[in-house]
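Engineer: Take a look and give me a structure for this.
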Amino acid sequence: MIIQNTQDKEFSNLNSISIGNVKINSKVVSAPMAGITDYVLRKLIRKYSKDCLLTTEMISSEALVQREDCHIVKTDEEEIPVSFQISGHKPPLVAKSAKILADKATIIDINMGCPVNKVMKATDGCALMKSPDVAASLIRAVKEVVDLPVTCKFRLGINQNCINFVDFAVKMQEAGAAAICVHARTRVQMYSGVADWKRVSALRGKIDIPYFINGDIVSVETAEQAMNDSLADGLAVGRGLLGNPWLPAQIDDYLKFGKKPDEKSIEEKLSVLKEHLDAEIAFRGELNGIKFFRKFYPYYIKGLRGASEFRGRLVTEENYDKIISILQEIKNA
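Structural biologist: Take a look at the predicted model:
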């Protein structure tokens, strides 16, 4: 399956990545984030970036085989290219869930890096870095049932005394992974401290498949530095997307054309905030959409005058008209 946008053909060789038989005309991936990168946010990212690889929220293989029509798997053709990320540690279930998703997905990704306690206790996510043989069996099991590239995302290791990402990457390549993504922190670090991009450069020359760098990429400047330090083939943008769904497009433009983005105005940020909120309401219903969206307010209004006070009001408000009124106050502040 080849995904190619004919725009900017002269840049396609330098600014594209082949993941198995899939060609992505971008070096940028929107990283998977549970409860964040839902159908609505992915569509908003795609509005600005026609080429980046989108990734779904983490999808539990056990939950999916019990209910195939859950809202978390909703997608449409406009999202393509899109990677569906699966979590789990049982090869038959992970393979079955991949088969369920095969007609929607461009790529199947397996989560081997989630650090949260609930996932670790289930021996999923980053716990798989303790069991490379199990992790490799998941790659092989999925490849047996779907004719799509299979990738995986993991961390440096469990802690500073167990940094095994290079050996782990080699094993995943041997199992058939078409690409990998490394969050440059350990499991113990969670999302604290600073991502160690330079450490990930140890992968160069050790594997033949593309690798992506993830962690602390929040601007075109950090994207460039992460790529330079890690020697990675591409990058995955995670929390930098929050309140900033145009970031993948900005990074793509910078990597392709050296174009640095203009600062977004308050009016532009609030307009996208409302667009995002309205889409969540359409997707989830008014009350559920408003409650779900609360996590995004702080990021959209960060740095604006009176942001703390406005944030406190927005995250407790359930009336749509009153929310719109507060946004107007912010615009006039």
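Engineer: can you pull out the strands in the chain?
Structural biologist: If DSSP state E is used as the criterion, the strands of the chain fall at 17-19, 22-24, 28-30, 54-60, 82-87, 107-112, 150-155, 179-183, 211-214, 234-237.
Engineer: Where does the prediction get shaky in the chain?
Structural biologist: Along the chain, the model assigns pLDDT under 70 to residues 1-14.
Engineer: any idea which helix is longest in it?
Structural biologist: Among the elements of type helix in the chain, defined by DSSP state H, the one spanning the most residues is helix 266-284.
Engineer: just to revisit the earlier point, okay if I get the strands of the chain as CSV plus mean neighbour count?
Structural biologist: All C-beta spots, glycine's among them, are computed from the backbone N, C-alpha and C. Putting the strands of the chain into CSV (neighbours: other Cβ atoms under 10 Å) gives the following:
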stretch, mean neighbour count
strand 17-19, 20
strand 22-24, 21
strand 28-30, 28
strand 54-60, 24
strand 82-87, 26
strand 107-112, 27
strand 150-155, 27
strand 179-183, 27
strand 211-214, 26
strand 234-237, 25
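Engineer: circling back to that earlier point, alpha carbons only: can I get the longest helix of the chain in CSV?
Structural biologist: Output in CSV follows, covering the C-alpha atoms of helix 266-284 (Å, rounded to 0.1, in the frame of the first residue of the first chain):
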residue,chain,number,x,y,z
ILE,A,266,-5.2,34.8,20.4
GLU,A,267,-8.1,35.0,17.9
GLU,A,268,-6.6,32.0,15.9
LYS,A,269,-6.1,29.9,19.0
LEU,A,270,-9.6,30.6,20.4
SER,A,271,-11.1,29.8,17.0
VAL,A,272,-9.4,26.4,16.9
LEU,A,273,-10.3,25.8,20.5
LYS,A,274,-14.0,26.3,19.6
GLU,A,275,-13.7,24.2,16.5
HIS,A,276,-12.2,21.4,18.6
LEU,A,277,-14.8,21.7,21.3
ASP,A,278,-17.7,21.8,18.8
ALA,A,279,-16.4,18.6,17.1
GLU,A,280,-16.0,16.8,20.4
ILE,A,281,-19.6,17.7,21.3
ALA,A,282,-20.8,16.5,17.9
PHE,A,283,-18.9,13.2,18.4
ARG,A,284,-19.8,12.6,22.1
